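Asker: Sequence plus the predicted model coming up.
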Amino acid sequence: MNMTGLVKYAGPLVALAMCSACGGGSPVAPSNAALSFQYVGRTLSVNGRLVTAARPPNPVPRLATIVPERHGDKHFEYIFSDYETYASIFDYPKSTKQIGTIYGDGGQGCTNVLYGYGQKTFWNIGGDTQITEYKVPQTPIKTLSDSIGAPSSCAMNARGDLAVGILYNNSGPGGGDIIIFKHARGSGTAYTTPLDEEFFDGYDPQGNLFADGFTGDRSGFELIELPKGSNKFQTITTSNVVQFPGSVQWDGKYLTVVDQGTNAVYQYNVSGTQATLKGTVTLSGAGDCAQTWIVRGLIYCADNYNTDGEVFKYPAGGSAIAVFTGNFVFPLGVTVAERPRH
């Protein structure tokens, strides 16, 4: 990518449509059947682009919907499909059915909180030239660009800094780097990391930035940290084995890492360069939670293998309490944000 800096959103970066999931005037959604899959090392490639999922979709996707638990919260949930496709919008717990679409989106998302429901805005890492902030439910505010390669993940700290991970760079070095945009503005500062490919990242309340991905010729899991105030990432050793990198997020008490290989959430206490496992949350029935998002009492999963979105109790885990139905093509990301109050 050659664009750098912050650009006010003046044109149609994406086509927007707030409609029912089956709206007749919407663009035709691509299907998983049209996708081509292969592996580069342990990293999955979809139609020639590396992605952050562990495995291709199940050829026989799950269709069951579980009746949601009703309560008074009012939020929007976003399930992001493959890069540069679309985001599916939901209003759980009011319903588990898709209520809208943001075309041109995909990939991963994050909000302006460490965990929980974002405060009326969210970010989408949707493609090679798209790092976009939205006002809920779907109004684009601004966009950032990086000069390295394919962005893969994002996270925000309490000061509003935006950290964007780089999965790979076909044209040169920079795969595994993380770019930090101070106050989510400007061209950002790129940090080299020990990773060959960066998959997910997240901040803790102290402002330390954690990320995971592959190192060693795209084969070995690694967790890394950029301590607050430092300009150098360090490797964090986990007390257990993580099979495949998954979401990295603070849950209010622990730093969590999702293992896409086991569909488990590992809860860690981090001291120095050691991460000690304090608990494991099992997401029963999940196929491949490519990205998760934790809120108080719940964890949302973009399930690529099952081709849906799922909601589990957290930290209880167990079976899903709700399954989202709608249009999905290779679900990779999920985030949630509050509705504006009028």
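Answerer: Nice, thanks for sending it over.

Asker: Longest strand in the protein, please.
Answerer: Longest strand of the chain, by residue count under DSSP state E: strand 274-284.

Asker: what pairs with that one, and is each one parallel or antiparallel?
Answerer: Looking at strand 274-284 with DSSP bridges, its partner strands are strand 234-238 (parallel), strand 264-271 (antiparallel), strand 318-319 (parallel).

Asker: Redo those as JSON lines? Include mean pLDDT and distance to D303.
Answerer: No exception for glycine: its C-beta is placed from N, CA and C like everyone else's. Shown next, in JSON lines, are the strands paired with strand 274-284 (pLDDT from 0 to 100; distance: least, CB to CB, whole Å):
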{"stretch": "strand 234-238", "mean pLDDT": "98", "distance to D303": "24"}
{"stretch": "strand 264-271", "mean pLDDT": "98", "distance to D303": "14"}
{"stretch": "strand 318-319", "mean pLDDT": "97", "distance to D303": "13"}
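
Asker: Surely Q108 is in contact with I79?
Answerer: No: Q108 is beyond contact range of I79, at 11.0 Å (criterion: CB atoms under 8 Å).

Asker: Pull out the buried positions in stretch 125-143.
Answerer: Residues of stretch 125-143 classed as buried: 125-127, 129-134, 136-138, 140, 142-143 (neighbour count, 16 or more other CB atoms under 10 Å).

Asker: So which of the residues you listed belong to strands?
Answerer: Counting by DSSP E, those place I125, G126, G127, Q130, I131, T132, E133, Y134, P140, K142, T143 in strands.

Asker: Let me know the closest of those to R296.
Answerer: Y134 (22.7 Å; CB to CB).

Asker: where are the low-confidence patches of the stretch 51-200 of the chain?
Answerer: 60-73, 129, 170-172 (pLDDT under 70).

Asker: Ignoring the adjacent residues along the chain, who's closest to G160?
Answerer: Setting aside the residues directly before and after it, G160 is nearest to H183 in space (CB to CB, 6 or more residues apart in numbering), at 5.0 Å.

Asker: residues near that neighbour, how many?
Answerer: By other CB atoms under 10 Å, the residues close to H183 number 10.

Asker: ok but it is inside a helix, no?
Answerer: Yes: with DSSP: H, G, I helix; E, B strand; the rest coil as the criterion, H183 is located in a helix.

Asker: need the contact list for it.
Answerer: R159, G160, D161 (CB atoms under 8 Å, 6 or more residues apart in numbering).

Asker: ok, so what distance separates A302 from F328?
Answerer: 9 Å (CB to CB, to the nearest Å).

Asker: Looking at these two, which has the bigger crowd around it?
Answerer: Neighbour comparison, A302 and F328: the larger count goes to A302, with 33 against 28 (by other CB under 10 Å).

Asker: show me the contacts for that one.
Answerer: Neighbouring residues of A302 by CB under 8 Å, 6+ apart: I79, F80, C289, A290, Q291, T292, G309, P331, L332, G333, V334.

Asker: Point me to the helix or strand that includes it.
Answerer: Take DSSP states H and E as the rule and A302 turns out to sit in strand 298-303.

Asker: neighbouring strands for that strand, and are they parallel or not?
Answerer: Under the criterion DSSP bridges, strand 298-303 sits next to strand 289-295 (antiparallel), strand 308-313 (antiparallel) in its sheet.

Asker: Let me have those strands in TSV, adding mean pLDDT and mean neighbour count as columns.
Answerer: Output for the strands paired with strand 298-303, formatted as TSV (pLDDT from 0 to 100; neighbours: other CB atoms under 10 Å):
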stretch	mean pLDDT	mean neighbour count
strand 289-295	96	27
strand 308-313	97	25
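
Asker: Those into JSON lines, with extra columns for distance to E225?
Answerer: Compiled in JSON lines, the strands paired with strand 298-303 are given as follows (distance: least, CB to CB, whole Å):
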{"stretch": "strand 289-295", "distance to E225": "19"}
{"stretch": "strand 308-313", "distance to E225": "27"}
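
Asker: Would you tell me which of the ones you listed gets closest to N231?
Answerer: Closest among the strands paired with strand 298-303, using CB to CB: strand 289-295, at 27.3 Å.

Asker: I figured F324 was touching E77, is that so?
Answerer: Yes: proximity of F324 to E77 meets the contact threshold set by CB under 8 Å, at 7.4 Å.

Asker: Tell me how far stretch 53-61 lies from the chain's centre.
Answerer: Averaged C-alpha coordinates place stretch 53-61 at 17 Å from its chain's average position (CA atoms, centre = their mean, to the nearest Å).
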